[in-house]
Structures are given as structure tokens and as C-alpha cells.
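any chance you can model this:
(one chain, ligands or ions: 1)
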Amino acid sequence: MVNRNNENSGSVAGIPAAGSDGEHDHCLACNSGKLSAAEVKTAIWHGAKLVVVEDVPAYVCDQCGEQYYEDQTAMVLDMMRGDGFDTSEASRKMEVPVFGFRALGATAGARAAKRQSETRKNVADVAG
Ligand SMILES: [Zn+2]
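Predicted coordinates for the structure are as follows:
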């Protein structure tokens with residue numbers, strides 16, 4: 001069984017079985033992409049904590065971008081997850097913007113309403 005990368009479920013991808021030529025060249029997600037070795041970043045939710053692991057050796061599909069890990073790589077990621085990602089061992093930290101869908105939606109809605117009824121708003125301000 002091969003699992004594709006799903007960062008939120010906690011599972012990691014298995015790489016498609018190598019062909020007779022030993023190449024991992026067939027993407028199981030889109031069935032047409034060619035896989036090439038690359039180093040990738042992956043974001044992993046660990047409970048309420050979000051961590052990023054970079055320089056992860058992977059095979060990436062040139063069509064759909066699906067990432068596959070060797071068993072060994074998946075195992076190491078699992079071990080890191082098991083260790084709980086001690087932040088004192090992190091190589092660096094990065095700031096991540098967080099958007100609230102509701103808050104952003106309300107702001108966008110307000111902006112749109114303001115654009116649509118600029119004059120009506122002015123009248124309301126005077127009246128209010
Ligand atoms: Zn693909």
C-alpha cells in the first residue's frame with residue numbers, strides 16, 4: 001500500500017515501487033507525471049503546533065507536484081514526530097502569517113460594502 005503525502009493526517013508518503021530499471025518515474029497521483037529527486041519542505045501539524053521540516057529528500061512529480069518519500073525518509077520524519085519536535089533543536093524559526101477566514105471574510109465584506117455605498121455611508125455617519 002502506498003500513501004500519498006498528507007500533512008494533516010500525520011501519515012507520510014511512501015514512494016511508488018521502482019520499475020525494473022530502478023527508477024521511480026511514475027506518479028501514482030496523476031498517472032502521467034515524471035518523478036525527480038529533490039529536496040522539499042514539508043509542514044507538519046503536531047497537535048496544535050505547526051512545524052516545518054526542510055531539506056527533506058523526496059521525489060516530486062513534475063506534473064502535479066505530488067511528493068513521495070523513501071521509506072527511510074518517512075521513518076525519520078515519523079521519529080521526529082514521535083520526539084515531539086523539541087523547538088530547542090530547531091535550526092531556525094520562521095514567522096507564519098495566520099489568516100482567520102471569518103475575520104478576513106468580514107473585512108473583505110466591509111470593504112466591498114464600503115465601495116458599493118460610499119455616499120450612503122457618509123449620509124449614515126452624519127445621521128448617526
Ligand atoms: Zn503527478
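
so what's the residue count around Cys64?
Using other CB atoms under 10 Å as the criterion, Cys64 is surrounded by 13 other residues. C-beta: built from backbone N, CA, C; applies to glycine.

that one against Gly33, yeah?
Yes: using CB atoms under 8 Å, Cys64 is in contact with Gly33, at 5.6 Å.

common neighbours of these two, please.
Overlap between the contact sets of Cys64 and Gly33, as judged by CB atoms under 8 Å, 6 or more residues apart in numbering, is given by Cys27.

the residue nearest in space to the middle of the chain: which element?
The geometric centre of the chain, computed from its C-alpha atoms, lies nearest to Ala43 (CA atoms, centre = their mean), at 5.3 Å. Using DSSP states H and E, the secondary-structure element containing Ala43 is strand 35-46.

buried ones in that strand?
Buried residues in strand 35-46, counting neighbours by 16 or more other CB atoms under 10 Å, are found at Leu35, Val40, Thr42, Ile44.

okay, and the beta partners of the first one?
Beta-bridge partners for Leu35, by DSSP bridges, are Cys61.

measure it to Asp78 for me?
From Leu35 across to Asp78, the span is 21 Å (CB to CB, to the nearest Å).

please apply the same query to Gly105.
According to CB to CB, Gly105 and Asp78 sit 37 Å apart.

quick one on the thing from earlier: can I get the strand holding Ala43 as CSV, trimmed to CA atoms?
Output in CSV follows, covering the C-alpha atoms of strand 35-46 (Å, rounded to 0.1, in the frame of the first residue of the first chain):
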residue,chain,number,x,y,z
LEU,A,35,9.3,12.0,-10.6
SER,A,36,12.6,13.7,-10.0
ALA,A,37,14.7,13.7,-6.9
ALA,A,38,14.5,17.0,-5.0
GLU,A,39,14.8,18.5,-1.5
VAL,A,40,11.5,19.7,-0.2
LYS,A,41,10.0,21.5,2.7
THR,A,42,7.1,19.9,4.5
ALA,A,43,4.7,21.4,7.0
ILE,A,44,3.6,19.1,9.8
TRP,A,45,0.9,19.6,12.3
HIS,A,46,1.9,18.1,15.6
